[in-house]
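Asker: next come a sequence and a model predicted from it.
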Amino acid sequence: MIKIVGLILLCFTMAIKAAASPPQKPGVRTIIIDPGHGGIDGGAQGKNTREAVLALEIGFQLRSLINAEMPEVKVLMTRESDELPGGLYNKNAALRWRANFANTNNGDLFISIHLNASPQNQKYARRGTGEYRTETYYVYTGKGKNRKKVAKTRTVEITERYQLPPKVRGTMTLIVASNAYNQKAKAVAANSNMNEVMMAEMGEKDSLDPEMVNIDPVLARIMRQQYTKLYFQKSLSLANTVEDGFNQLGRYSFGVWQRDWEAIWVLQATQMPAILVETGFVDHPEEEAYLSSKKGQEETARVILNAIKQYKQGVETTPPAADSLKLPTPPLNAAGQGN
Ligand SMILES: [Zn+2]
């Protein structure tokens, strides 16, 4: 009897300890939606609108879908008007602000929304108009004193410059560049809640002793590296699901990319899995029209919503074991192209 009471007391003590330092289950509680650009930074330019405007509209659409279908999830947006976030007028400062906003609000997932443009969609050529003009030119005839300048005429067709039909269209989803893992690890290490997050996600949540939070610094560093890999895998998995969704919708998908030639700050400075969805080419007239339409915006947001749902379910039902964290092989190649 005493033993049983003692056991109950022990359980009670553990429960109090756990409550004193509440470890959170791995999950998706807060989603940060980041519509790219804004205000003075319009992003890519279409004929009738620009990237910053459409990214915000798609972001709003995604927020209302999450609110309606995942009411347990909190959604925060980095901006809600056509301005750079944080009242800033500097694009790079705004990028830092976006990542800080996601980190200080303890986002579990960071979704940046953008539209693309391609120099290939801005190609021009010349063609004949069917109209002609007379051109005068001069030749010299004779030699010495007899040398004369003689005017002659010829008929030439008038040409005009015209834009070649844009060809590049489709979606792609970006994840942290392969040469930015150290940056991401630094961001992860800077997370003051990291020890608790790690303990919870490593499956220690029921036996978490506040003493255990003060883990050895070397072990902590190794675990943060592991975490960076885990976030990479999670981001990759989410990005793949997004692109699969676009494919199923009949959109052309470029798949998942790592942009190694130009770092993407919000992907590497966020202390959470992060993706950047390029939802289409704003300089392709059909895609511009589609992404400006209610239908296009809803379909696009729903692809992202479905991917988030699938991701959330995966994270919440199968917490990964610490020793199973491995980078995928073969790694994505340096040129950045995924599958
Ligand atoms: Zn952009």
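Answerer: Received the coordinates, thanks. Residues are numbered from 1 along each chain as shown.
Asker: all helices of the stretch 51-200 of the chain, in order?
Answerer: Using DSSP state H, counting those that start in this stretch, the helices of the stretch 51-200 of the chain run over 51-69, 91-104, 181-189, 194-199.
Asker: can you tell which of the ones you listed is closest to D283?
Answerer: Of all these, the one in closest proximity to D283, counting by C-beta to C-beta, is helix 51-69 (9.5 Å). (Glycine included, C-beta is placed from N, CA and C.)
Asker: excluding its backbone neighbours, what's nearest the residue of the stretch 1-150 of the chain found nearest the ion?
Answerer: Relative to the ion, the nearest point of the stretch 1-150 of the chain is H114 (3.5 Å; C-beta to the ion). Using C-beta to C-beta, 6 or more residues apart in numbering and skipping the chain neighbours, the partner closest in space to H114 is G36 (4.1 Å).
Asker: can you pull the contacts of L76?
Answerer: L76 makes contact with 30-33, 101, 105, 107 under the criterion C-beta atoms under 8 Å, 6 or more residues apart in numbering.
Asker: swap that for V188, sorry
Answerer: For V188, the contacting residues are 194, 224, 227-228, 231, 271, by C-beta under 8 Å, 6+ apart.
Asker: now do the strands in this protein.
Answerer: Under the criterion DSSP state E, strands of the chain are mapped to 30-35, 74-77, 109-116, 124-141, 148-163, 171-175, 253-258, 274-281.
Asker: is it possible to export those to TSV including mean pLDDT?
Answerer: TSV is the format used below for these (pLDDT from 0 to 100):
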stretch	mean pLDDT
strand 30-35	98
strand 74-77	98
strand 109-116	98
strand 124-141	95
strand 148-163	94
strand 171-175	97
strand 253-258	95
strand 274-281	98
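Asker: avg pLDDT for stretch 189-196?
Answerer: Per-residue pLDDT values across stretch 189-196 average out to 70.
Asker: gap between the most centrally placed residue in the chain and the ion?
Answerer: Nearest residue to the geometric centre of the chain (C-alpha atoms, centre = their mean): L276, 0.6 Å. Taking C-beta to the ion, to the nearest Å as the measure, L276 falls 8 Å from the ion.
Asker: could you pull up the residues touching that residue?
Answerer: L276 touches 36, 112-114, 173-175, 264, 266-267, counting by C-beta under 8 Å, 6+ apart.
Asker: how about those, which pair is most distant?
Answerer: G36 and I175 (15.5 Å).
Asker: the two: who's more crowded?
Answerer: The neighbour count for G36 versus I175, taken as other C-beta atoms under 10 Å, is higher for I175 (29 against 26).
Asker: now do the same contact list for the residue nearest to the more buried one when sequence neighbours are not counted.
Answerer: Using C-beta to C-beta, 6+ apart and skipping the chain neighbours, the partner closest in space to I175 is S235 (4.4 Å). With contact taken as C-beta under 8 Å, 6+ apart, S235 is in contact with 175-176, 267, 273-275.
Asker: repeat that for 7 Å
Answerer: By C-beta atoms under 7 Å, 6 or more residues apart in numbering, S235 lies in contact with 175-176, 273-275.
Asker: around the ion, pick out the residues from the stretch 51-200 of the chain.
Answerer: Taking C-beta under 5 Å from the ion as the contact definition, the stretch 51-200 of the chain meets the ion at H114.
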